[in-house]
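> pasting the sequence and the predicted model now:
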Amino acid sequence: MKHMLAMILAGGRGTRLHDLTNKVAKPAVSYGGKYRIIDFPISNCANSGIDVVGVLTQYESILLNSYVAAGGRWGLDAKDSGVFVLPPREKADANLDVYRGTADAISQNIDFIDAHSPDYILILSGDHIYKMNYAKMLEYHKSCSADATIAVLEVPLKEASRFGIMNTDENDRIVEFEEKPAEPKSNLASMGIYIFEWKPLRKMLLADMKNPDSNHDFGKDIIPAMLEDNKSLYAYRFKGYWKDVGTIDSLWEANMDLLNHNNELDLNDPTWKIYTQDMTTLPQYIGPDAVINRAFINQGCIIDGEVKNSVLFTGVKVGSGAKVIDSVLMPGTVVESGATVTRALVADGVKIGKQAVVGSADSENIELVAKRVKGVE
């Protein structure tokens, strides 16, 4: 049977998440009460019947590497299957131990891919939140007899200049690819999800490695070269929830979306589970004076104050008289008695002292709280 191997690009620095990614790679950042961002692409692979997944890590990857190495978390621990951590190799000539671009990340791991002899290779970003059946995308790829298939999402035209944009003909064959165009001609944004035939791609990657003028990047080099060579590239239209959580505001929004009953992501869908680390903690405890209104409260939380329109991750404590409003509190956050937290995203393990006030209902941006906030001693 022809099979597909997945490679997840999880080496992004995530600088726009500021202090959240100082010591943790962006794909390992917490999300949705109990998940990590990387859970989504790996769970999608497991649910799509892909049993070999390479995760390409780079910056601040100690936590991510150990997390990913437990392949059984996603059911990928049987013989001939698994989740494999693939850090960059040190290059003796330049003393570099980084991937130079998205294509270079795959090129450095050609031996790993060859060892599994795939017919097709699926390349994914490790830092987006969405559910997608890659097996259906592969069926589409085969039906088009495509050399490459790129998943696209319709975005508002006014936002299109932020993305790589695919211009297609009436059959969704890609005729032009524009990286962040000032005046976009279409609103089909690349999701950074590609399917290639492995053997032809392998040849292109080997040639790209030797090209001193290349950025060694799929968007900047490989895809434009394929279009120039008249290869058949097709757009695969994705419909559903997709979020790039690259900023504090977008990470906050993605968490708050879970409070919406009509949320398309539906983490409760038994047919498409998102697998994650099982935390051994006590159930949540809601005190007699607690007031809770529209909240997502995870196991291990102890609530004695007021929580309104907020998402609380594992092991959060909210003291008596404290208020948490329109906020996202990451694992182990402590809000002491009388403190108020509004429109904020509080990082793992941060303590907010008694009577302290954090964030504001009127602020344009979400406040990131990544260090202890002193209160009344």
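In hand now; what should we look at?
> show me the contacts for Val318.
With contacts defined as C-beta atoms under 8 Å, 6 or more residues apart in numbering, Val318 is in contact with 290, 301-307, 312, 324, 335. (Glycine included, C-beta is placed from N, CA and C.)
> could you measure the residue nearest to it when sequence neighbours are not counted against Met279, distance?
Using C-beta to C-beta, 6 or more residues apart in numbering and skipping residues adjacent in sequence, the residue nearest Val318 is Gly305, 4.4 Å away. Gly305 sits 23 Å away from Met279, taking C-beta to C-beta, to the nearest Å as the criterion.
> so these two - more neighbours on which side?
More neighbours surround Gly305 than the other of Gly305 and Met279, with 24 against 13 (other C-beta atoms under 10 Å).
> residues touching Val155, list them.
162-163, 187, 189.
> which PyMOL command selects the buried ones in those residues?
For the buried members of those, the matching PyMOL selection, counting by 16 or more other C-beta atoms under 10 Å, is:
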select buried, resi 163+187+189
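> state the pair within the contacts of Val155 that is farthest apart.
Greatest spatial distance in these: Arg162 and Asn187, 11.3 Å, computed using C-beta to C-beta.
> about what we covered before: with respect to Ala207, which of the contacts of Val318 is nearest?
Among the contacts of Val318, and counting by C-beta to C-beta, the member closest to Ala207 is Leu312, at 51.2 Å.
> shaky segments in this protein?
1-2, 13-15, 60-61, 70-71, 77-80, 89-97 (pLDDT under 70).
> quick check: longest helix in it by residues?
If you go by DSSP state H, the chain has its longest helix at helix 198-209.
> following element in sequence after that helix, please.
Next in sequence after helix 198-209, counting helices and strands by DSSP states H and E, comes helix 223-228.
> got the buried residues for stretch 104-119?
For stretch 104-119, by 16+ other C-beta under 10 Å, it's 104-109, 112-113, 118.
> again but with stretch 73-87, I slipped
73-74, 76, 82-87.
> convert that stretch to CSV, retaining C-alpha atoms only.
Presented in CSV, the C-alpha positions along stretch 73-87 are these (Å, rounded to 0.1, in the frame of the first residue of the first chain):
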residue,chain,number,x,y,z
ARG,A,73,0.3,9.8,24.2
TRP,A,74,-1.2,9.9,20.6
GLY,A,75,-1.4,6.1,20.2
LEU,A,76,1.7,6.1,18.0
ASP,A,77,3.8,3.6,19.9
ALA,A,78,3.1,0.4,18.0
LYS,A,79,5.8,-1.5,16.1
ASP,A,80,6.8,0.4,12.9
SER,A,81,5.1,3.6,14.1
GLY,A,82,6.1,6.5,16.3
VAL,A,83,6.7,10.1,16.9
PHE,A,84,10.3,11.0,16.3
VAL,A,85,12.2,14.1,17.5
LEU,A,86,14.5,15.5,14.8
PRO,A,87,16.7,18.4,16.0
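> contacts for it?
7, 39, 42-43, 45-46, 51-58, 61, 65, 68-69, 71, 97, 108-109, 112, 275-277.
> how far off centre is it?
Stretch 73-87 sits 18 Å away from the centroid of its parent chain (C-alpha atoms, centre = their mean, to the nearest Å).
> quick one: the strands in the stretch 201-350 of the chain, in order.
Secondary structure of the stretch 201-350 of the chain (DSSP state E, counting those that start in this stretch): strands located at 233-237, 242-244, 285-286, 291-297, 302-303, 306-312, 317-318, 323-325, 328-329, 334-335, 340-342, 344-346.
> quick one, which of those strands is nearest to Lys26?
The nearest among the strands of the stretch 201-350 of the chain, by C-beta to C-beta, is strand 242-244 at 10.6 Å.
> in helices, which of the contacts of Val155 appear?
Per DSSP H, the contacts of Val155 never map to helices.
> tabulate the contacts of Val155 (TSV), appending distance to Asp172.
Shown next, in TSV, are the contacts of Val155 (distance: C-beta to C-beta, whole Å):
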residue	distance to Asp172
Arg162	22
Phe163	17
Asn187	14
Ala189	14
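> what about Lys180, neighbour count?
Residues near Lys180, counting by other C-beta under 10 Å: 12.
> now the one 3 residues further on
Other residues near Glu183 come to 7 when the count uses other C-beta under 10 Å.
> can you check Ala6 too?
25.
> what about it, which SS state?
Secondary structure, DSSP: H, G, I helix; E, B strand; the rest coil: Ala6 is strand.
> quick check, the residue nearest to Val318 in contact with Ser320.
Yes - under the criterion of C-beta atoms under 8 Å, Gly305 makes contact with Ser320 at 5.8 Å.
> what sits in contact with each of these two?
Here Gly305 and Ser320 have Ser337 as joint contacts, going by C-beta under 8 Å, 6+ apart.
> would you quantify the distance from the nearest residue to Ala356 once chain neighbours are set aside to Ala290?
In this structure, Ala356 finds its nearest non-sequential neighbour in Gly375, 3.9 Å apart by C-beta to C-beta, 6+ apart. Remark: distance between Gly375 and Ala290 (C-beta to C-beta) = 20 Å.
> distance to Val24 added to the buried residues of stretch 73-87, as a markdown table?
Listed next are the buried residues of stretch 73-87 as a markdown table, based on distance: C-beta to C-beta, whole Å:
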| residue | distance to Val24 |
| --- | --- |
| Arg73 | 17 |
| Trp74 | 20 |
| Leu76 | 22 |
| Gly82 | 23 |
| Val83 | 18 |
| Phe84 | 20 |
| Val85 | 15 |
| Leu86 | 19 |
| Pro87 | 16 |
